[in-house]
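>>> Requesting a structural model of the entry that follows:
(2 chains)
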Amino acid sequence: GAVVSQHPSWVICKSGTSVKIECRSLDFQATTMFWYHQFPKQSLMLMATSNEGSKATYEQGVEKDKFLINHASLTLSTLTVTSAHPEDSSFYICSARALAERNEQYFGPGTRLTVT
Amino acid sequence: AQSVTQPDIHITVSEGASLELRCNYSYGATPYLFWYVQSPGQGLQLLLKYFSGDTLVQGIKGFEAEFKRSQSSFNLRKPSVHWSDAAEYFCAVEGSSGSARQLTFGSGTQLTVLP
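Predicted structure coming up:
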């Protein structure tokens, strides 16, 4: 149980285009989902926290107009990177916190974004 | 706000040797503590977690960790390392309430296992 999926697993896009990444909790309902990014040989950095049905809370330094987060249901959150630039190339990982287990996040496998 | 320090960027051990990865945290109250492992290009796998109770926590793959409040530490140990344990290890802390209820990760320790 407690499986989180991400789609796509990797994507290459051209500079200036937008890319959408999906995060789904497959076998549980998640009131809260988190988005992280991880640059090569670095740790995970929290970008934003999203609660179902409400606006996401962004960490300091993360542009909310560039990284659009939609948490439309208890099993789906999306991250859209708008007008992507090469410096947005990173590994994006989502996690979800289950309703019944308030103290643990379950992580997706990550999405590798390369902007050319 | 909470913080995590993993002092060792890279550790190399021989297969069969014992392992200890260090983790120190900063948080005003009792934290929730986690150890995750990440293989290249993969997501995170939870090895073990501490919320309360027994300070020695057993995890998967033969790992254990001990919470020491006096030292603000949560070091990860394994008595005999296998080649498949080579990966990046992250310690993480979560506060128990309010805005602290999000994971903060350490910088990670890269483990290399020699045959």
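
>>> List, one by one, the residues from chain A near chain B.
Residues of chain A lying close to chain B by CB under 8 Å from any CB of the partner chain are A:6, A:34, A:42-46, A:49, A:91, A:93, A:95, A:103-105, A:107-110, A:112. C-beta: built from backbone N, CA, C; applies to glycine.

>>> what about chain A, any weak spots by pLDDT?
By pLDDT under 70, the weakly predicted segments of chain A are A:1, A:99-103.

>>> where exactly do the strands run in it?
Assigned by DSSP state E, the strands in chain A fall at A:4-7, A:10-13, A:19-25, A:30-38, A:45-51, A:57-58, A:67-73, A:76-81, A:90-98, A:105-107, A:111-115.

>>> low-scoring stretches of chain B, by residue?
Ranges of chain B meeting pLDDT under 70: B:96-100.

>>> Can you name the residues of it sitting close to chain A?
Checking chain B against chain A by CB under 8 Å from any CB, the hits are B:32, B:36, B:41-46, B:49, B:51, B:90, B:94, B:102-108.

>>> ChimeraX command to pick out the buried ones of those residues?
Those of the residues of chain B next to chain A that count as buried under 16 or more other CB atoms under 10 Å in any protein chain shown are selected in ChimeraX with:
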select /B:32,36,43,44,46,49,90,94,102,103,104,105,106,108
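
>>> Show only the entries of the residues of chain B next to chain A found in strands.
Per DSSP E, the residues of chain B next to chain A map to strands at B:32, B:36, B:44, B:45, B:46, B:49, B:90, B:94, B:103, B:104, B:105.

>>> if I look at the closest residue to the fourth one other than its chain neighbours, how far off is residue B:70?
Counting by CB to CB, 6 or more residues apart in numbering or on different chains, residue B:45 lies nearest to residue B:37, which is 5.2 Å off, once chain neighbours are set aside. Residue B:37 sits 27 Å away from residue B:70, taking CB to CB, to the nearest Å as the criterion.

>>> before we move on, what about residue A:67?
Applying CB to CB to residue A:67 and residue B:70 gives a distance of 40 Å.

>>> same check, this time on residue A:41
Taken as CB to CB, the span from residue A:41 to residue B:70 is 33 Å.

>>> So which of those two has more stuff around it?
Taking other CB atoms under 10 Å in any protein chain shown, residue A:41 and residue B:70 do not tie; residue A:41 has more neighbours (10 against 5).

>>> how deep is residue A:30 tucked in, by neighbour count?
Residue A:30: 28 neighbours (other CB under 10 Å).

>>> Please apply the same query to residue A:27.
11.

>>> Would you agree it is in contact with residue A:4?
No. Using CB atoms under 8 Å, residue A:27 is not in contact with residue A:4, being 9.4 Å away.
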